[in-house]
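1. What follows is a predicted protein model with its sequence.
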Amino acid sequence: MQLIECVPNFSEGRDRSVIDRITAEIIRVPGAILLDVDPGADTNRTVVTFVGDRDAVAEAAFRSIVRAAELIDMRHHHGAHPRMGAADVCPFVPVSGVTMDECIALAREVGARVGEHGIPVYLYEHAAFEGRRSLADARRGQYEGLAERSDSPDYGPAHNAGAGATAIGAREFLIAYNVNLNTTDRRMAHEIAQAIRELGTPRRDETGRIVKDAEDNTVFIPGRFRECKAVGWYLEEYRRAQVSINLTDYNVTSLQDVFDACRREAAARGMRVTGSELVGLVPKAALLAAGDHYLRMQGQTSGVSERRRLETAVISLGLDELGPFDLAEKVIEYRVETPARLAALSVTDLLDELSSDSPAPGGGSVAALCGALSSSLTAMVAALTHAKRGCERSRQSMEQLGCEAQQLETWFSAAIDRDTDAFNSVLAARRLPKQSAEEQEIRLESIAAANLEAALVPLEVLEHSVTALELALRVATAGNPNSVSDAGVAAICAEAAARGASLNVRINLPGLAEDERDPITERHDAAMMAVSHLAAEVRTTVEAAMEG
């Protein structure tokens, strides 16, 4: 799933009608999902968070910036927060399925469109062409200093009196994270913050005075972690001190890095970390990395289900200490994913659904389910091998194999619904009106597109079944000998998935154009040859192991 976060800040935090009219532009864009609107009266500023794929986020950002310029007159704006425009900043953040380079290109594309609309645009962070990388540099002089700036904007005119200017950039996901301490002393929390943050601790001379440089700036001893900002504060609501942390790139410094460091620093000062708190949303990858870290510390494999990895992170970081931690609400991907209708059913309910007189779900969904069962069994054998005494040398390879199998199970589970959705799309296309010539043309194009998707989904299931067989062969060969029969069943399920998917590919081929049918047939035949070879190899391996 391609997911980009956009967090525009608008210079209006008091008039809700203006805020609503700006955010309405985001809501109107198909595929853009508004997650949060946070107005501040004192700052006279609203922070908006929305997500979507590239095209949706680009369009929603552009429309909201233009709308803000129409509704907010910066000549009359006052607020406590630094600002230079009606739409003050607009960062694009890669969340999943997208790279930073793609977000940079997106920021520049939107910046050019905004500039063509008559609004000056200054690029910042990763999107900056050269220099002026920090937001502070891009916003230098704020709104009042725009007319006197010596540097030109990257896009648009030099000045727009009403709209001001907008800083558009690309940055990593910022995680706001607090670590809880068993003390009410803010100063002790701040000592820990200074030890872990990138800025570090003020340098002191032999008399204890803070050292200044030639320009009277404080000299710092760098702290432990890059891309980490932190302070200590006291939280009246919970009567405890916290280390308040902003991780500006969790790929450089992770949640588990700072949590473990805070535990060590607290212990050195006679304190204890009691838990932690995530403020706002978090990318799933950040929590999965934490879960994997703590599973490995316990000597367990990370090749387990996504849910268990996430729950391990929540428990290990103590994220539920100050209140319930709901993964469905806190993990950004879960907030926007379309719930799986079939894959989320109980076994009994799924069987009831299959046995009804509805044509879907049908054989294609069952083939995907067989693939999911195969992958789960393979992951189980890998986990049992990882935990078995005497198999220490294969732990690393079994953990990797288990992770691959879990990822494959997730893919197959999603394909259960995808196959049914593809079939339903064919039915929907056939039901389109066909009275006029234009309607007939639209209907035929829709049927052709739906038929192609109905063939491609089972083809992908077939090709992923080859991978499932490869993984089953690996655990049958090198896995726990006591579980070799399970590896054999995993292979049987994978072969059933492949042969079921093959039937669904073939039955859809007649509805395709020749230029579509030939490459699909070629891929199908190559996959089926691999299936036959691998299935036979697993059977031989399993039988030999059982006879031995």
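-> Looks like it came in fine.
2. Mind giving me the packing neighbours of the longest helix anywhere in the chain?
-> For the chain, the helix with the greatest residue count under DSSP state H is helix 437-478. Judged by 3 or more C-beta pairs under 8 Å, 6 or more residues apart in numbering; DSSP states H and E, helix 437-478 is in contact with helix 363-387, helix 395-430, helix 484-508, helix 514-547. Bear in mind the C-beta positions are built from the backbone N, C-alpha and C, glycine included.
3. Dump those helices into TSV; add mean neighbour count, mean pLDDT and distance to residue 458 as well.
-> TSV is the format used below for the helices and strands packed on helix 437-478 (neighbours: other C-beta atoms under 10 Å; pLDDT from 0 to 100; distance: least, C-beta to C-beta, whole Å):
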stretch	mean neighbour count	mean pLDDT	distance to residue 458
helix 363-387	25	96	5
helix 395-430	20	94	6
helix 484-508	23	97	4
helix 514-547	15	95	9
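4. who wins for proximity to residue 38 among those helices?
-> helix 395-430 (32.3 Å; C-beta to C-beta).
5. tell me, which strand in the chain spans the most residues?
-> Taking DSSP state E as the criterion, the chain has its longest strand at strand 87-96.
6. so after that one, what's the next helix or strand?
-> helix 100-116 (DSSP states H and E).
7. Mind listing what's buried along that next one?
-> 100, 102-104, 106-111, 113-115 (16 or more other C-beta atoms under 10 Å).
8. Ok, stretch 194-205 next?
-> Buried residues in stretch 194-205, defined by neighbour count with 16+ other C-beta under 10 Å: 194, 195, 196, 197, 198, 199.
9. Can you verify my assumption that the last one contacts residue 223?
-> Yes - proximity of residue 199 to residue 223 meets the contact threshold set by C-beta atoms under 8 Å, at 6.3 Å.
10. tell me the domain boundaries of this protein?
-> 3-170, 175-336, 347-547 (automatic domain parsing).
11. count of neighbours near residue 477?
-> Per other C-beta atoms under 10 Å, the neighbour tally for residue 477 reads 14.
12. Could you pull up the contacting residues of the nearest residue to it once chain neighbours are set aside?
-> What sits nearest to residue 477 in space, not counting adjacent residues and going by C-beta to C-beta, 6 or more residues apart in numbering, is residue 541, at 5.8 Å. Counting by C-beta atoms under 8 Å, 6 or more residues apart in numbering, residue 541 touches 473, 476, 477, 484.
13. any idea how far residue 545 is from the third one?
-> Translated: residue 477. Using C-beta to C-beta, to the nearest Å, one obtains 9 Å as the distance from residue 477 to residue 545.
14. Let me know the closest of the contacts of residue 541 to residue 413.
-> residue 473 (22.0 Å).
15. From residue 336, how far off is the closest one?
-> For residue 473 relative to residue 336 (C-beta to C-beta), the value is 37 Å.
16. who's more crowded, these two?
-> Each of residue 473 and residue 336 has its neighbours counted (other C-beta under 10 Å); residue 473 has more, 22 against 18.
17. So which residues of the stretch 51-200 of the chain form strands?
-> 87-96, 121-125, 166-170, 175-181 (DSSP state E, counting those that start in this stretch).
18. So for the second one, mean pLDDT?
-> Confidence over strand 121-125, taken as the mean pLDDT, stands at 95.
19. ditto for the longest one
-> Looking at strand 87-96 alone, the average pLDDT works out to 95.
20. what distance separates it from the middle of the whole chain?
-> 14 Å (C-alpha atoms, centre = their mean, to the nearest Å).
21. Just the terminal-to-terminal distance for stretch 45-65.
-> One end of stretch 45-65 sits 14 Å from the other (C-alpha to C-alpha, to the nearest Å).
22. what about the strands in the stretch 201-350 of the chain?
-> With DSSP E, counting those that start in this stretch as the criterion, the stretch 201-350 of the chain has strands spanning 201-202, 220-221, 228-235, 240-247, 273-279.
23. Please name every helix or strand in contact with the last one.
-> The reference is to strand 273-279. strand 175-181, helix 255-268.
24. Just the pLDDT at residue 132, thanks.
-> Reported pLDDT for residue 132: 62.
25. Can you tell me which of the strands of the stretch 201-350 of the chain is most buried?
-> strand 240-247 (a mean of 23; mean count of other C-beta atoms under 10 Å).
26. That one pairs with which strands, and in what direction?
-> strand 175-181 (antiparallel), strand 228-235 (antiparallel) (DSSP bridges).
27. what distance separates it from the centre of its chain?
-> That offset, for strand 240-247, works out to 23 Å (C-alpha atoms, centre = their mean).
28. Quick one: residues in contact with that strand.
-> 174-186, 188-189, 192-193, 196-197, 227-235, 253-255, 258, 262, 274, 277.
29. Figure out which of the strands of the stretch 201-350 of the chain is closest to residue 23.
-> strand 273-279 (21.0 Å).
30. what residues does the closest one touch?
-> 175-182, 240, 242, 255, 259, 262-263, 266, 317-322, 325, 330.
31. Emit the ChimeraX select command for whichever of the residues you listed are buried.
-> What follows is the ChimeraX syntax for the buried subset of those, where burial is set by 16+ other C-beta under 10 Å:
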select :175,177,178,179,180,181,240,242,255,259,262,266,317,318,319,322,325,330
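32. Cheers, nothing more for now.
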